[in-house]
Every structure is written in C-alpha cells, then in structure tokens.
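Asker: predicted model follows, preceded by the sequence.
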Amino acid sequence: MTTVQPPAIVPTKYWHQLKDGRIQCDLCPRYCTFQEGQQGLCFVRARQQDQIVLTTYGRSSGFCVDPIEKKPLHHFLPGTSVLSFGTAGCNLSCKFCQNWDMSKSRQMDTLADNASPDAIARAAVKLGCRSVAYTYNDPIIFHEYAIDVAQACREQGIKSVAVTAGYVCEEPREEFYLYMDAANVDLKGFTERFYKQICGGSLQPVLDTLVYIKQHTQVWLEITTLVIPGENDSEAEIERLTQWVVEHLGPDVPIHFSAFHPDYKMLDKPATPPATLAMARKIAMKNGIRYAYTGNVLDREGGSTYCHHCNEQLIVRDWYELSAWNVTEDGACRFCQTPCAGVFEAQPGHWGSRRVPILLKQF
C-alpha cells in the first residue's frame, strides 16, 4: 500500500516511453500521450519528471452515505448503507453526464475533502456501512487511490463497490478487480456511433470489461443503461444489447434501464418516458434476462425483484425503500426455493432511502 499522506502526487506504472520522447498512458484505451507537464483528458493523470503520476491521490469531491440500491445494485447486500465518494475528472466525455460538475471539473477546489485510505475505512466502520463505493466519477482514473482504499477496507471487513464505465485496459483491469467485491458497469449504448459521437470512446473495451468481470473474477456484476430518447432507445438496439448480455454474461446479471434527464451538453433531449423504460425491461425479460429493472422513475413493479421460476415477489422496492423481503437465508425464493442470484444475507439492511453527506474529518 502506498505510504503517503494526502494530498499527494503518486507515481503510476501503466505507461511507457515512446521513441519521440513522449510518454503514453496505458491505463485506458484513450492512450493519451504526454510531453513534460501535460495532463491527460482525464485531468488527474499527468507527466511529471518523466513519469505519469496521479495528481489527486487522497483528494475527494465529497463523501455521502447512500442506500446501496442507489449505485444501483439490487442484488448486493440489499437495504444496506454504502459510503460513497469520488474525485475529479473522467476518461470519457459523455455529453449527457449527470455528474458533470465533478467528472468534468478541472478545478482542484472541487476536491474538498482530504482522506487517507485508512481514514475512509475507519469512517465506513463507524458509520455502520457495509461497503464503500467508488463513484460520482470513474474510479479507473484514480486507480491507485481506489485500490489502496479497497485494501484498507478489506482489512476492516468492508466491501468495495466500483461504479464505472468499464473503459480500461487489460492489465490495469486485472489488478483493479482483484480488490473489488461488486461493480455496476455503465453499458451506455450498443453502437460504436453512440460511443464515438456521444461518449468520446469505443464500445468494444466496455464489452471486454463486462466479459472479464463475469468470466474471470468473483466480483458481483450489475449493468446500467441510461436510456436517451432518439439516441439509444430503439427497440432494435435494446434487442441487440440484451441478447448480447444473455449470450456472453448469462441470464443472472441484473440490468437497470435508467431514465435520462437533460443535463450538461445534452439539454435538447426530453426526459425518458416511463413507457420507454418499461419497453426495454420487457424486451430484456423476453430475451432471457431474469432480473431487469427500471430506474430514476417511480415504478414499483420495475424496481422490484421477482423469482424467475415462480414469479413471486422476492424484494419489493419503493424507490430505495424495501417494503417486502422473501429471500431465504441461503439466497433462495421463500415460495419455491429457487436460488436468486446475488450476494444476500439472512436479513436485509434497514438504511432506507436516506442520503447523508459526511465530513470525513469528523472521523
């Protein structure tokens, strides 16, 4: 573990020198190249003294205790609280970014809280959180900091949750997921056009990350697709996306179809109609996905978990509140004993829908 006190500038290892003297960052598929003193598109990785460094180690844009369902994770310790934090910057440039004030920030004053990995782990314990979430911006870009926090949390029995776009190279991906316990990966669309024109990236690396997590790790995986009118909401695209999930990841990976609202550089699009989310959920279930959800809308049916065998309600959700629990101690349906995929305990948590901002220096 890196033995530094925040804030700090930390050397990184995923880069190499080019013949022309530039240095290429090999953390994500952007492959940014640097002259001395330059920053990458993510803003937080820069060339200093002929190496790539992380400039925001130990610096956070804020901490908050959330319901785990807000990540969203519906099959990972339901009802429990999670200590959430992020930093600044991002390695994609999504025009619809819902957290653009943090992910697109290039101002160090956005990073209001100083926090060592041990301090975060201790705070999670004292707050009664079962997990820590690396969220708001993508934890891939603060790779070294996230891993150190995850190691400190593991020593305290606290789980780690990555909320990520999955846009990362193979070698750092393997290291990163050694320390994660759950992940929600944004599958933002299912065309190269969407990723290139709307997100400034590429689809295939995200698909590779999804396959890697599912097939080569023990990390609990869920997927979120933000459904944007006129961009990625066609029945044909939802068909292809959900068919790919079943074929390559299997029927037990939950998928969340989340409502878009106009934000950042996409103010000309209307909010997603609830009927569009219901359509996407219906297509997903038709194609064999056992756990398909709607998000960012009031939809008790679309937010609840059903047994894929007998169709009884297993977990009833009103927004982030659990109002029924029919999962046995070993994670099966109480009515027909069919296993429900996920990470469950004998009883759900009781955090509810509260969102509580935290000043870490209090701990």
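Answerer: Received it, and whenever you're ready, just let me know what you need.

Asker: care to break this protein down by domain?
Answerer: 8-56, 60-362 (automatic domain parsing).

Asker: could those be laid out in a markdown table, adding mean pLDDT?
Answerer: Conversion of the domains of the chain to a markdown table gives the following (pLDDT from 0 to 100):
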| stretch | mean pLDDT |
| --- | --- |
| domain 8-56 | 94 |
| domain 60-362 | 93 |
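
Asker: ranking those domains by burial, who's on top?
Answerer: domain 60-362 (a mean of 19; mean count of other Cβ atoms under 10 Å). Where C-beta positions appear, they are placed from N, C-alpha and C, glycine not excepted.

Asker: between the two ends of stretch 123-141, how far is it?
Answerer: This stretch, stretch 123-141, spans 23 Å end to end (Cα to Cα, to the nearest Å).

Asker: starting at the chain centroid, how far to that stretch?
Answerer: 11 Å (Cα atoms, centre = their mean, to the nearest Å).

Asker: again, but for stretch 182-197
Answerer: 12 Å.

Asker: one more: stretch 218-225?
Answerer: 8 Å.

Asker: what does stretch 226-245 give?
Answerer: Using Cα atoms, centre = their mean, the offset of stretch 226-245 from its chain centre is 19 Å.

Asker: same check on stretch 61-70?
Answerer: 12 Å.

Asker: where's residue 82, which helix or strand?
Answerer: Here residue 82, judged by DSSP states H and E, is contained in strand 81-86.

Asker: relative to that strand, what are the paired strands and their orientations?
Answerer: With DSSP bridges as the test, strand 81-86 is paired with strand 62-67 (antiparallel), strand 131-134 (parallel).

Asker: may I have that strand exported as CSV, CA atoms only?
Answerer: Provided in CSV are the C-alpha atoms of strand 81-86 (Å, rounded to 0.1, in the frame of the first residue of the first chain):
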residue,chain,number,x,y,z
SER,A,81,-25.7,1.6,3.5
VAL,A,82,-22.7,2.4,1.4
LEU,A,83,-20.1,5.2,1.9
SER,A,84,-19.8,6.9,-1.5
PHE,A,85,-17.0,9.1,-2.8
GLY,A,86,-15.3,10.2,-6.0
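
Asker: which other residues reach that strand?
Answerer: For strand 81-86, contacts defined as Cβ atoms under 8 Å, 6 or more residues apart in numbering pick out 60-68, 70-71, 99, 102-103, 113, 115, 120, 123-124, 127-137, 139, 161, 349, 351, 354, 358.

Asker: likewise stretch 333-352?
Answerer: For stretch 333-352, using Cβ under 8 Å, 6+ apart, the contacting residues are 65, 67-68, 74-81, 130, 181-182, 220, 252-254, 290-291, 305, 307-310, 312, 314-315, 320-322, 325-332.

Asker: can you give me how far that stretch is from the chain middle?
Answerer: On Cα atoms, centre = their mean, the centre of stretch 333-352 falls 22 Å from that of its chain.

Asker: quick one: terminal-to-terminal distance for it?
Answerer: 22 Å.

Asker: what does stretch 334-345 give?
Answerer: OK, stretch 334-345 end separation, Cα to Cα: 14 Å.

Asker: and what of stretch 15-26?
Answerer: Stretch 15-26 end-to-end distance (Cα to Cα) = 5 Å.

Asker: how about the CA coordinates for stretch 234-246, as CSV?
Answerer: Extracted C-alpha coordinates of stretch 234-246, given in CSV (Å, rounded to 0.1, in the frame of the first residue of the first chain):
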residue,chain,number,x,y,z
SER,A,234,-34.8,1.9,-30.2
GLU,A,235,-36.3,-1.5,-29.8
ALA,A,236,-33.7,-2.9,-32.2
GLU,A,237,-30.8,-1.6,-30.1
ILE,A,238,-32.3,-2.9,-26.8
GLU,A,239,-32.9,-6.2,-28.5
ARG,A,240,-29.2,-6.5,-29.6
LEU,A,241,-27.9,-5.3,-26.2
THR,A,242,-29.9,-7.7,-24.1
GLN,A,243,-29.3,-10.6,-26.4
TRP,A,244,-25.6,-9.9,-26.1
VAL,A,245,-25.8,-9.8,-22.3
VAL,A,246,-27.6,-13.2,-22.2
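
Asker: returning to what we had before: among the strands paired with strand 81-86, which is nearest residue 90?
Answerer: The minimum distance between residue 90 and those falls on strand 131-134, with 12.8 Å, by Cβ to Cβ.

Asker: how about the closest one as PDB, C-alpha atoms only?
Answerer: Output of strand 131-134 as PDB, limited to C-alpha atoms (Å, rounded to 0.1, in the frame of the first residue of the first chain):
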ATOM      1  CA  SER A 131     -19.400  -1.200   1.800                       C
ATOM      2  CA  VAL A 132     -17.500   1.800   0.200                       C
ATOM      3  CA  ALA A 133     -18.500   2.900  -3.400                       C
ATOM      4  CA  TYR A 134     -16.000   4.500  -5.800                       C
END
